[in-house]
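Novice: need coordinates for the below:
(one chain, ligands or ions: 1)
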Amino acid sequence: MYLYGAGGHSKVITDILNSIGVEVSGVFDDKPSEAKLKTMTINSGVRVQGESFPKLDAPLIISVGDNFRRAELDLMLRDNAEYGQAIHGTTIISAKASVGEGTVILQGAIVQSAAKVGRHVLVNTAASIDHDNEIGDYAHISPHATLCGHVKVGEGTHIGAGAVVIPSIRIGKWCTIGAGTVVIRNIPDYATAVGNPAKIIKFRDPPFNT
Ligand SMILES: CC(=O)SCCNC(=O)CCNC(=O)[C@H](O)C(C)(C)COP(=O)(O)OP(=O)(O)OC[C@H]1O[C@@H](n2cnc3c(N)ncnc32)[C@H](O)[C@@H]1OP(=O)(O)O
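Specialist: Numbers count the residues shown, from 1 in each chain. Alright, predicted model coming up:
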């Protein structure tokens with residue numbers, strides 16, 4: 001497996017891959033800092049500019065925690081890369097769930113029956129994604145977040161640590177749900193919502209012209 005991104009998130013992914021017997025053949029980073037270089041052997045100097053990225057002999061995971069950056073890198077790399085997944089052995093994933101390419105599922109997370117988890121999603125430590133959820137591409141479900149049944153989370157949305165979303169709620173794309181928030185009503189695209197019950201405090205600009 002290759003990784004793109006040499007920050008903190010790549011350490012977590014490396015641990016997961018090693019724990020399931022997968023070797024990391026190389027790490028790419030277009031901005032390798034001194035700190036990163038100290039802790040990792042980086043295939044530095046590689047700039048991601050479409051076709052200039054080398055054809056790899058193993059799958060790649062975009063190991064960047066920022067949802068928007070993960071999306072940007074996917075758009076640049078997708079024609080040249082075959083994506084892998086990193087799923088820790090302590091996760092429980094229903095045989096009836098689906099998990100997209102590039103997605104990473106950390107220790108103790110649970111994905112229940114008929115849930116659909118998109119591409120390049122980060123399902124963090126002990127997050128709970130219940131039956132019939134739909135999690136959009138590039139989303140991040142933080143540690144201990146609880147998504148009840150039939151919840152839909154849009155592309156690029158970040159669900160904060162320990163947030164709770166009650167059944168059948170729709171959360172739009174590129175939203176941020178604060179840590180510990182309890183979502184009891186649908187949330188529109190680009191909104192940041194916090195508190196119990198969740199209240200919208202602001203909207204962000206759409207990150208893509210889509
Ligand atoms: C392994 C890992 O580390 S995974 C990382 C997981 N990360 C998280 O879960 C972090 C989630 N982020 C948050 O909760 C942040 O507070 C955000 C994104 C919701 C808001 O951050 P900012 O946009 O910087 O907002 P800011 O801090 O200015 O707060 C705005 C207001 O919302 C309130 N607020 C912010 N976050 C929360 C929250 N989680 N719950 C309740 N109220 C909140 C603030 O108190 C403030 O209220 P005030 O205007 O009355 O003073």
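Novice: when you work out contacts or count neighbours from here on, use the C-alpha atoms and nothing else.
Specialist: OK.
Novice: centre of the chain versus stretch 118-136, how much separation?
Specialist: 8 Å (CA atoms, centre = their mean, to the nearest Å).
Novice: and it, C-alpha only, in CSV?
Specialist: Extracted C-alpha coordinates of stretch 118-136, given in CSV (Å, rounded to 0.1, in the frame of the first residue of the first chain):
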residue,chain,number,x,y,z
GLY,A,118,-18.8,6.3,0.3
ARG,A,119,-15.3,6.8,-1.1
HIS,A,120,-12.4,8.3,0.9
VAL,A,121,-14.5,8.4,4.0
LEU,A,122,-12.8,8.5,7.5
VAL,A,123,-14.8,6.5,10.1
ASN,A,124,-12.9,7.3,13.2
THR,A,125,-12.4,5.4,16.5
ALA,A,126,-15.5,3.7,17.8
ALA,A,127,-17.9,5.6,15.6
SER,A,128,-21.3,3.9,15.1
ILE,A,129,-22.9,4.0,11.7
ASP,A,130,-26.3,2.2,12.0
HIS,A,131,-28.5,0.4,9.6
ASP,A,132,-29.4,2.0,6.2
ASN,A,133,-27.1,5.0,6.7
GLU,A,134,-25.7,6.7,3.6
ILE,A,135,-22.4,8.4,4.2
GLY,A,136,-21.2,10.6,1.3
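Novice: now that stretch: buried residues?
Specialist: 118-136 (16 or more other CA atoms under 10 Å).
Novice: could you look up the SS state of Lys11?
Specialist: helix (DSSP: H, G, I helix; E, B strand; the rest coil).
Novice: swap that for Asn18, sorry
Specialist: Strictly by three-state DSSP, Asn18 counts as helix.
Novice: check contacts around it.
Specialist: Asn18 is in contact with Val24, counting by CA atoms under 8 Å, 6 or more residues apart in numbering.
Novice: ok, Glu134 next?
Specialist: By CA under 8 Å, 6+ apart, the contact set of Glu134 is Ala115, Lys116, Val117, Gly118, His150, Val151, Lys152, Val153.
Novice: distance of Ala86 from the ligand?
Specialist: Distance check for Ala86 against the ligand: by CA to the nearest ligand atom, to the nearest Å, it reads 16 Å.
Novice: and Ala163, by the same measure?
Specialist: In terms of CA to the nearest ligand atom, Ala163 sits 8 Å off from the ligand.
Novice: cool, Ala114 as well?
Specialist: When CA to the nearest ligand atom is applied, the distance between Ala114 and the ligand equals 25 Å.
Novice: next, count neighbours for that residue.
Specialist: Ala114 is flanked by 19 other residues according to other CA atoms under 10 Å.
Novice: quick check: which element contains it?
Specialist: With elements delineated by DSSP states H and E, Ala114 resides in a region that no helix or strand encompasses.
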